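Colleague: next one to model:
(one chain, ligands or ions: 1)
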Amino acid sequence: MPCLLQSLPTTFCFPYPKISQPPPTPNSSVTAGSVATKTATSHGKISKTFRRIQASTTSNTKFKRQEDDYHSTLEALNSKGRFPRKSLGQHYMLNASINEDLTMAANVKEGDVVLEIGPGTGSLTNALVNAGATVLAIEKDPYMAAIVRERFSGLDRVEVLEEDFIRSHIHSHMSTMLASKIPPDGNLHAKVVSNLPFNISTDVIKLLLPMGDIFSEVVLLLQDEAALRFVDSLSKSSEYRPINIFINFYSGGRDVHSP
Ligand SMILES: C[S@@+](CC[C@H](N)C(=O)[O-])C[C@H]1O[C@@H](n2cnc3c(N)ncnc32)[C@H](O)[C@@H]1O
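Modeller: Next up is the predicted model:
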């Protein structure tokens, strides 16, 4: 199962975006972040690649419904005077090009079924929908679930479940969704693309990595330090933890690339 773990770019915003801040220009580049890619090996395990990337400005316009993540995100946040909750890791993406990057990293295409953990205001959901995917979004915060449901109301390719992902019966949800939808290429695997709530990133990885029977790709946006901790474990330093053993168990080799 290929898996991409990407660090937090500087364009994230917490605790609350300044309204006066200008939207990112189409040519603005984003500070490179750490990326670990996992690729399937002949033994059914995964190999890890660690690299850094620049935000891309390429966009897929075929399914575009909303053009500006910056403004839709601010509108959604301002609409009912709600402040992001730190306890739920609510850091919202204000740069559409990062969402495009995540979508492209998972090679999301028309007919794909994608699981998104924590859609928040729906900015990444929008990029996934634009790429032609059917999205199952699981959001713990009832307020954000309502926002993203409203944003995509009328679009039958987005389903929002108001649940805690850690307690969710994800295997059963995805199996049901895949069974009801045979993609054009006949591939009955789903993909995961998510800008994760940081406080549950370890738990999410523990849940997802053994699910190679239903997921073909996992692309996660993580804090730089977290991504490094997860993949840079071959040295067996003091940072070496059970999660590293777990990741290595589901992984093969390791390559390192510069930007
Ligand atoms: C880092 S924000 C990302 C929001 C959005 N995807 C974006 O890129 O702007 C994480 C989101 O996950 C939600 N969340 C936090 N814990 C969760 C959990 N256990 N299960 C599902 N969603 C959760 C938060 O409410 C928040 O909307």
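Colleague: and residue 204, what helix or strand is that in?
Modeller: Applying DSSP states H and E as the criterion places residue 204 in helix 201-208.
Colleague: in that helix, what counts as buried?
Modeller: 201, 202, 204, 205, 207, 208 (16 or more other Cβ atoms under 10 Å). Bear in mind the C-beta positions are built from the backbone N, C-alpha and C, glycine included.
Colleague: same question for stretch 141-161.
Modeller: Those buried within stretch 141-161 under the rule 16+ other Cβ under 10 Å are 141, 144, 145, 147, 148, 149, 151, 152, 157, 158, 160.
Colleague: which non-adjacent residue is nearest residue 107?
Modeller: residue 217 (7.0 Å; Cβ to Cβ, 6 or more residues apart in numbering).
Colleague: show me what from this protein comes close to the ligand.
Modeller: 88-93, 117-121, 123-124, 138-141, 144, 164-166, 195, 197, 200 (Cβ under 6 Å from any ligand atom).
Colleague: in strands, which of those residues appear?
Modeller: Using DSSP state E, 92, 93, 117, 138, 139, 195 are the members of the residues of the chain next to the ligand that sit in strands.
Colleague: any chance of CSV for those, columns neighbour count and pLDDT?
Modeller: Below are those laid out as CSV (neighbours: other Cβ atoms under 10 Å; pLDDT from 0 to 100):
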residue, neighbour count, pLDDT
92, 21, 86
93, 24, 86
117, 25, 98
138, 22, 98
139, 27, 98
195, 26, 94
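Colleague: among those, which one sits closest to residue 226?
Modeller: Closest approach to residue 226 among those (Cβ to Cβ): residue 195, at 12.7 Å.
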